[in-house]
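> Fold the following and give me the result.
(one chain, ligands or ions: 1)
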Amino acid sequence: MNMPPLVKICGLKTPETLDAAIRGGATHIGLVHYEPSPRHVDLKTAAELRKRAGPHIKVALLLVNASQQLTGDALGMVRPDIIQFHGSETPEWLAVVKRLAPAEIWKAVGLKDAETLVRMQKYNGIADRILFDAPAAALPGGTGTRFDWSLLKNHRHSMDWGIAGGLTPENVGEALAATGAPLVDVSSGVESAPGVKDVDKIAAFLKAAGR
Ligand SMILES: O=C(O)c1ccccc1N[C@@H]1O[C@H](COP(=O)(O)O)[C@@H](O)[C@H]1O
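All right, here's what the predicted structure looks like:
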C-alpha cells in the first residue's frame, strides 16, 4: 500500500485550528511571521502555538526575507522544527542559518518554467527540502495560485521536496497523482476568508490527501 503524503497546514493563528490540524492527521503545521500576510502571527503567539503543538507534529516557521536580527529573535523565541524561507533568500544566507540553528531548512521556489528547476540546484546540499510554489505575485505566497504541475512530471528530484500553491480539498488528489509529491502544503485552500482557517476544510483536505 502507498504511504500517505506528508501534509502541512500553513498559516494557523488559533488554538482551535491548530487542534483541528492535529486531529485530522497533519504531519506539519506552519506559522507565518510576515507582517503583510493576513496570516501573520507575532512571535509571542507563534511561541504559544508552537508549545501547544507538542512533540508529535513538526512546526515550521515561515519567514520572508527577514533580517539577521529578526531571524535570530524568531528562532530563539519560537524554536521551530523547520524554518521555511519563502522570499529571495540566498543559498549563502541559508547556509549561515543552517550552521547556527537546530532546525530543518526549507526553501520555497516559485516554479515558473523548466529553467527554474535548473536554477534551484544552487540550494542542493543546503536546503533540507524544496517547496515548489506558484511564482510570487503581489505577495510571495499564500495567494491560492497553482503552478503548472506537469513541469514536475519527469523531473528527477535531487532533494526532498513538496508542493504548495492553490491546493484545495477538491484538487489535492489530482495534484498528488500528477506530481507524486511526498508532501503537500496548503494555506488559503482551507480558509473561509483570507487568514481565517475553516476547521471543516482542514478536515476535508487531510482526508482528501489520504491522512
Ligand atoms: O500564507 C501566507 O500568507 C504567505 C505569505 C508569504 C509567503 C508565503 C505564504 N504562504 C505559503 O504559500 C504557499 C501557498 O499558499 P496557498 O495554499 O496557495 O495559499 C504555502 O506554502 C503557504 O505556506
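> Next, the residue nearest the centre of the chain: secondary structure please.
Nearest to the mean C-alpha position of the chain, counting by Cα atoms, centre = their mean, stands D185 at 5.2 Å. Classification of D185 using DSSP: H, G, I helix; E, B strand; the rest coil returns strand.
> Skipping adjacent residues, who's closest to it in space?
A164 (3.8 Å; Cβ to Cβ, 6 or more residues apart in numbering). (Each C-beta comes from the backbone N, C-alpha and C, glycine too.)
> returning to what we had before: quick one: residues contacting the residue nearest to the centre of the chain.
V7, K8, C10, H28, G30, L131, G162, I163, A164, L167 (Cβ atoms under 8 Å, 6 or more residues apart in numbering).
> L70 versus the fourth one, what's the distance?
If I follow you right, that is H28. Between H28 and L70 the distance, using Cβ to Cβ, to the nearest Å, works out to 22 Å.
> Am I right that P135 is in contact with F147?
Yes. Using Cβ atoms under 8 Å, P135 makes contact with F147 at a distance of 7.1 Å.
> Between these two, which has more neighbouring residues?
F147 (21 against 15; other Cβ atoms under 10 Å).
> Surely that one and A134 touch.
Yes. Judged on Cβ under 8 Å, F147 makes contact with A134 at a distance of 4.5 Å.
> shared neighbours, the two?
Residues touching both F147 and A134 (Cβ under 8 Å, 6+ apart): G110, L111, G165, G166.
> A137 belongs to a strand, doesn't it?
No. Counting by three-state DSSP, A137 is not part of a strand but coil.
> Find me the pLDDT at it, would you?
Here the pLDDT value assigned to A137 is 87.
> What is the burial count for it?
Other residues near A137 number 10, with proximity taken as other Cβ under 10 Å.
> do the same with L151
By other Cβ under 10 Å, 16 other residues sit near L151.
> nearest residue to it other than its sequence neighbours?
By the measure of Cβ to Cβ, 6+ apart, the closest residue to L151 outside its immediate chain neighbours is L111, 5.8 Å from it.
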